[in-house]
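1. Return a 3D structure for these sequence lines:
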Amino acid sequence: MNNGPANRIQSIDVLRGIALLGLPTMNIIHFSMPQAAYMNPLVHQADAFLNHEVFSFFNIFADQKFMGLFTLLFGASLLLLRDKNKSNGVDSSLIHYCRMFVLLIIGLLHFWYIWAGDILMFYAVIGMMLYPLAKLPPKALFGISGIFLTLTIYFVHMPNVSPKGMGNDGFEDMTELYSPNDGFKEIYSGLMLGTYAQTMSIHRDDEADSDNLIEQSDEELAQSISAVMVFVSFGLFIVCKIIAMMTLGMALYKSGVVQGDKSLRYYKVLALLGIGIGGLITVFGLRYNYQHAWNIETYFSYGMLLKEFGSVLMTLGYVGFFIYLLKKGVFALTGQLIARVGQMALSNYLSQSIICALIFYGIGLGFYGSVSRLELIPIIVGIWAVQITFSNFWLHYFIQGPIEWLWRSSSSLKLQPLLRKTL
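-> Residues are numbered from 1 along each chain as shown. Prediction:
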């Protein structure tokens, strides 16, 4: 499915656009209410109208699915750009590492000045690490992805999340992340609705205490180490998940899957199996958490594990489903509109953070903590409308998005063309 300007691959642009538009369905939680509400429906306005129904819907169909798709496509794009550069007789490795370095700077600026949940820094560093794998055949890349998916499942299973396993202090820190008390939420809300410096201090300055391990008893020392390892496991889970999805994207690109080169039947089967099996696992995990009243210990033992495992399968199902629709010509016009969003993925990703900051932070409209999950839906739809409209308007006059232009110009140390020759 190679068509469009500059021989762009429409299926990749559309998938990336869908992933990008799907990101605010979950990321907006971090801007609008306590971050624990991302995992736990009981944290914020638990009795609000349709709170649990809306949470369940997005938990099943959005949580980690669009981020997984976005990451998968980033991996595929590494090889896509490599192939384009090689066909133009350019040193693809030098360009790649320059691009990743500039992306790292952009991610750091995004993290420091706008939002702590930046993913670009991870993409840049891991993108550098994985580039030597570009020459591997699809089977090898699938194998590497499988290894890191296994590690992802291993690290996301955290049976030591308990007072006995982590000690009281460590368990309290974990509880603040998952089910904060009213006092903690009030302090956090004050920072989010305060000055710009106060809001940014949430992620710029980590004031977590570190105990003197030398003075602890053997039991306390073991608990402290266990507490540290729980947080380390959480970080390793994120890194392994990104590596797994990126290498999976590289394998799918080399196999011609994300380009739409497979048969209709292939994508139909991929969609049915991925969404069907992955959806059942996700629903089972959701039901498991509700049966245990969203208890922190059961959530980190098996509840989160089931969701993560199901999300990988559903991400693959989404690849099959949307390419199937494209090949059938079901949403030709809509696909073109969404493809423009995908062509400006970096600009749109950053602008989502800016829009949400202006809506929810104290420096903007200050809606933090005052909206329910249901009330977030029209805001999400509004973000979609703005980004689809702006992307199509911008690319009517310009070759690439503003941040994409800055990224490529900085990476090559040469101003790239921006304005279209024919308007």
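2. end to end, how far does stretch 36-56 reach?
-> End-to-end span of stretch 36-56 (Cα to Cα, to the nearest Å): 15 Å.
3. for that stretch, what is the average pLDDT?
-> Rounded to a whole number, the mean pLDDT of stretch 36-56 is 96.
4. quick one: low-confidence ranges for this protein?
-> Within the chain, the segments meeting pLDDT under 70 span 1-7, 203-231, 422-423.
5. Name the nearest residue to the residue nearest the centre of it, sequence neighbours excluded.
-> Taking Cα atoms, centre = their mean, the centroid of the chain lies closest to Met67, which sits 3.2 Å from it. If the residues on either side of it in the chain are set aside, Met67 comes closest to Leu23, at 6.5 Å by Cβ to Cβ, 6 or more residues apart in numbering. Bear in mind the C-beta positions are built from the backbone N, C-alpha and C, glycine included.
6. how about the helices in the stretch 151-300 of the chain?
-> 163-178, 182-192, 196-204, 218-254, 264-291, 296-298 (DSSP state H, counting those that start in this stretch).
7. Redo the ones you listed as JSON lines? Include mean neighbour count and distance to Leu81.
-> Converted to JSON lines, the helices of the stretch 151-300 of the chain look like this (neighbours: other Cβ atoms under 10 Å; distance: least, Cβ to Cβ, whole Å):
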{"stretch": "helix 163-178", "mean neighbour count": "18", "distance to Leu81": "37"}
{"stretch": "helix 182-192", "mean neighbour count": "14", "distance to Leu81": "38"}
{"stretch": "helix 196-204", "mean neighbour count": "15", "distance to Leu81": "31"}
{"stretch": "helix 218-254", "mean neighbour count": "20", "distance to Leu81": "11"}
{"stretch": "helix 264-291", "mean neighbour count": "17", "distance to Leu81": "24"}
{"stretch": "helix 296-298", "mean neighbour count": "19", "distance to Leu81": "42"}
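8. number of nearby residues for Trp125?
-> Check again: residue 125 is Val, not Trp. 17 (other Cβ atoms under 10 Å).
9. Residue numbering should commence at 51 henceforth.
-> Noted, 51 is the first residue going forward, which turns the last one into Val175.
10. got the contact list for it?
-> Met150, Leu154 (Cβ atoms under 8 Å, 6 or more residues apart in numbering).
11. Distance-wise, check it relative to Ile438.
-> Separation of Val175 from Ile438 (Cβ to Cβ, to the nearest Å): 31 Å.
12. ok so, going back, quick one: residues contacting the residue nearest to Met117.
-> Phe116, Met117, Phe120, Tyr399, Gln402.
13. Surely Trp162 is in a strand?
-> No: under DSSP: H, G, I helix; E, B strand; the rest coil, Trp162 falls outside any strand and is assigned helix.
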